[in-house]
Structure formats: C-alpha cells, structure tokens
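*Asks:* the sequence and its predicted three-dimensional model are supplied below.
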Amino acid sequence: MDQSSLLLAISHQYLASRDFNGLPLRKLSGDEHKKTRSSLRKLVEKGLVTIVFGDIHPNPHVRALPDEPLEIGLEKLDRKGVEGGC
C-alpha cells in the first residue's frame, strides 16, 4: 500500500470509529506487508502517523499515553512487524 492510500485508510479508520480506535496493522494486506511497512515507516518519519503496540498499555487501539519516541516506534515495527500494532 502506498503512503497516500495508507494515510487515507488510517484516517478513515480513526475518524469512522465511534471510539476513535486506531487501525490494526494486521488488517493491512498485500505483498506480505513489505510495501505497506515501508510506506508506514515513511509516514512515521514525517510525523504524520504514530504506531502504538500493546506493550506499554494493554489496548494498542487507544492512544492512552504520550507517544513513544519515533526511533522506538520504528524499532518495534522492524522487530515485531505488524503484529500487535495499531
């Protein structure tokens, strides 16, 4: 998924959710997530989106705590992939 399509999907999920929940990364499809992960990484680096995993707060769908530093989110994306991330 390219950056524009990914940003649109993330924004739609967040705004269309009654609870303003994040988009589970495992729901994204295509090419074993390689292109999508690359696009996601670029959006995070630009500060347009953040990644939340369920390792600090049990519900990764909700931004209950301040964002982690950008480098930590990207490292977790590289290490964990899409599992458990929103």
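*Replies:* Ah, there it is.
*Asks:* against residue 3, how distant is the residue of the chain positioned farthest from its centre?
*Replies:* Ranked by distance from the centre of the chain (C-alpha atoms, centre = their mean), the top residue is residue 18, with 18.4 Å. Residue 18 sits 27 Å away from residue 3 when distances are taken as C-beta to C-beta, to the nearest Å. Placement of C-beta: from N, CA and C, glycine included.
*Asks:* one more: residue 83?
*Replies:* From residue 83 across to residue 3, the span is 22 Å (C-beta to C-beta).
*Asks:* of the two, which one has the most company?
*Replies:* Counting neighbours by other C-beta atoms under 10 Å for residue 83 and for residue 3 shows that residue 3 has the greater number, 18 against 10.
*Asks:* stretch 35-46: which residues count as buried?
*Replies:* Neighbour counts over stretch 35-46 (16 or more other C-beta atoms under 10 Å) mark 36, 37, 39, 40, 41, 43, 44 as buried.
*Asks:* tabulate the CA atom coordinates of that stretch in CSV.
*Replies:* Taking C-alpha atoms only, stretch 35-46 is exported to CSV below (Å, rounded to 0.1, in the frame of the first residue of the first chain):
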residue,chain,number,x,y,z
LYS,A,35,5.5,-2.1,0.7
THR,A,36,3.0,-1.2,3.4
ARG,A,37,5.6,-1.3,6.1
SER,A,38,7.9,0.8,4.0
SER,A,39,5.1,3.4,3.5
LEU,A,40,4.2,3.3,7.2
ARG,A,41,7.9,3.9,8.1
LYS,A,42,8.0,7.0,5.9
LEU,A,43,4.7,8.3,7.4
VAL,A,44,6.1,7.9,10.9
GLU,A,45,9.3,9.6,10.0
LYS,A,46,7.4,12.5,8.6
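*Asks:* show the average pLDDT along that stretch.
*Replies:* Averaged over stretch 35-46, pLDDT sits at 90.
*Asks:* who touches the biggest helix by length in the chain?
*Replies:* Using DSSP state H to assign secondary structure, the helix with the most residues in the chain is helix 3-16. For helix 3-16, the external contacting residues (C-beta atoms under 8 Å, 6 or more residues apart in numbering) are 1, 20-23, 28, 36, 39-40, 42-43, 48-49.
*Asks:* output the below-cut-off pLDDT ranges for the chain.
*Replies:* Applying pLDDT under 70 to the predicted model, the residue ranges of the chain that meet it are 29-33.
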